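# Any chance you could fold what I've pasted below:
(one chain, ligands or ions: 1)
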Amino acid sequence: MAPSFKSQSLTLLSFASLLIMQTLAAEAATCTDCFINSRAAHYPNSDEQGTDSGACGFGSFGATLNGGDVSAASDLYRGGVGCGACYQVRCTSSKYCTDKGVTVVVTDQGSSHDTDFILSRQAFGRMAQNADAAASLLALGVIDVEYRRVSCSYPNKNITIKMDENSNPPHYLAFVIWYQQGKQDITAVQLCETHNFVCKLLDRSYGAVWTTTSPPSGPLTLRMLFTGEDGEENWVVPVNNIPQDWKAGETYDTGLQVNV
Ligand SMILES: *[C@@H]1O[C@H](CO)[C@@H](O)[C@H](O)[C@H]1NC(C)=O
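Numbers count the residues shown, from 1 in each chain. Below you'll find the predicted structure:
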């Protein structure tokens, strides 16, 4: 009797620990939505919006994107992969702050006093309950926050290609990608000759700027590799081509939007 009793309790014990492990795994799985504790500062400039020389390479678009609710990120910049990612940031003082906080887009790189975010002044103030609380928060300068990645949302916008002013057709091509919705990363970009689908992988020169010397010719088909938090990867191909006679400074509507 004794050995059989022992093995039964062992079975019960491992069953119980299996249950605990499953519960922990389930919590870890849903925790992509959990808030993470950190700190945030704001840009020292008198400008309410972001900077137009942000390390993501968005230019003046990066200052006013999302109505000016933008941020520099330190580790979350991720070598430029984090450019364009959206975060819900809320401060933790119940005296000053709302539960909702503010949703910002990463357009720059930077840190100050161990912060994960340096928000535009406007975004920083938006975490407050009212104008007086906003003034108090701004005066504090650096505050405790919680953040989590959220989907970006650009109603009535397609993903758009903005050719860099420094592009020199047809020898040197550089662009950034505007209005990417959702919460995935674009981790690789190819340009393909539309008529034969010969493709070339672009380089991330810095931030969100994709470049190539001697780009393919003719009408060009863009391919973007979307990578999810779970590592799942998908190549996405827009409807519209980039025209053969593409120009520096021009924007091209891809005819495509994503909600992942
Ligand atoms: C987005 O692209 C679709 C074609 O795929 C087009 O019909 C629509 O007008 C575009 N939207 C905007 C806001 O440009």
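# just the helices in this structure please.
2-30, 61-64, 121-126, 131-140 (DSSP state H).
# gap between the spatially most central residue of the chain and the ligand?
Central residue of the chain (C-alpha atoms, centre = their mean): residue 85, 1.0 Å from the mean position. Applying C-beta to the nearest ligand atom, to the nearest Å, the value for residue 85 to the ligand is 22 Å. To be clear about C-beta, it is placed using only N, CA and C from the backbone, and glycine gets the same treatment.
# ok, now how distant is that residue from residue 33?
15 Å (C-beta to C-beta, to the nearest Å).
# how far does stretch 181-200 stretch from start to finish?
25 Å (C-alpha to C-alpha, to the nearest Å).
# tell me the mean pLDDT over it?
In this model, stretch 181-200 has an average pLDDT of 95.
# looking at the helices of the chain, which has the lowest confidence?
Among these, helix 2-30 scores lowest, at a mean of 47.
# what separates stretch 41-57 from the chain centre, distance-wise?
17 Å (C-alpha atoms, centre = their mean, to the nearest Å).
# first to last residue in it, what's the distance?
Start-to-end, stretch 41-57 (C-alpha to C-alpha) is 21 Å.
# Pull out the buried positions in that stretch.
41, 42, 43, 49, 50, 51, 54, 55, 56, 57 (16 or more other C-beta atoms under 10 Å).
# which one of the residues you listed sits closest to residue 171?
Of all these, residue 57 has the smallest distance to residue 171: 19.5 Å, by C-beta to C-beta.
# so where do the strands sit in the stretch 101-250 of the chain?
Counting by DSSP state E, counting those that start in this stretch, the stretch 101-250 of the chain has these strands, from start to end: 102-109, 117-119, 143-150, 160-163, 172-178, 185-193, 199-201, 203-206, 209-213, 220-227, 233-236.
# Does the fifth one reach the ligand?
No - where contact is defined by C-beta under 6 Å from any ligand atom, no part of strand 172-178 touches the ligand; the two come within 11.8 Å at best.
# who does that strand touch, helix- and strand-wise?
Packing contacts for strand 172-178, counted by 3 or more C-beta pairs under 8 Å, 6 or more residues apart in numbering; DSSP states H and E, involve strand 160-163, strand 185-193, strand 209-213.
# buried sites along that strand?
Judged by neighbour count using 16+ other C-beta under 10 Å, the buried positions of strand 172-178 are 173, 174, 175, 176, 177, 178.
# For the ligand, what's the nearest residue on the stretch 51-200 of the chain?
Distances between the stretch 51-200 of the chain and the ligand by C-beta to the nearest ligand atom are smallest at residue 158, namely 3.8 Å.
# residues touching that residue, list them.
Taking C-beta atoms under 8 Å, 6 or more residues apart in numbering, we find residue 158 in contact with 179, 253, 254, 255, 256, 257.
# Pick out the one among these with the largest number of neighbours.
residue 254 (21 neighbours; other C-beta atoms under 10 Å).
# Isn't that residue up against residue 162?
No - Residue 254 lies out of contact with residue 162 (C-beta atoms under 8 Å); the separation is 11.3 Å.
# so how many other residues sit close to residue 94?
9.
# Any chance of the backbone angles for it?
Main-chain torsions, residue 94, degrees, to the nearest 10: phi -70, psi -20.
# coming back round to it: output the helices and strands packed on strand 172-178 in JSON lines; the columns should cover distance to the ligand and mean neighbour count.
Output for the helices and strands packed on strand 172-178, formatted as JSON lines (distance: least, C-beta to the nearest ligand atom, whole Å; neighbours: other C-beta atoms under 10 Å):
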{"stretch": "strand 160-163", "distance to the ligand": "8", "mean neighbour count": "20"}
{"stretch": "strand 185-193", "distance to the ligand": "18", "mean neighbour count": "18"}
{"stretch": "strand 209-213", "distance to the ligand": "21", "mean neighbour count": "19"}
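# need these in JSON lines with distance to residue 232, can you?
Output for the helices and strands packed on strand 172-178, formatted as JSON lines (distance: least, C-beta to C-beta, whole Å):
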{"stretch": "strand 160-163", "distance to residue 232": "24"}
{"stretch": "strand 185-193", "distance to residue 232": "11"}
{"stretch": "strand 209-213", "distance to residue 232": "22"}
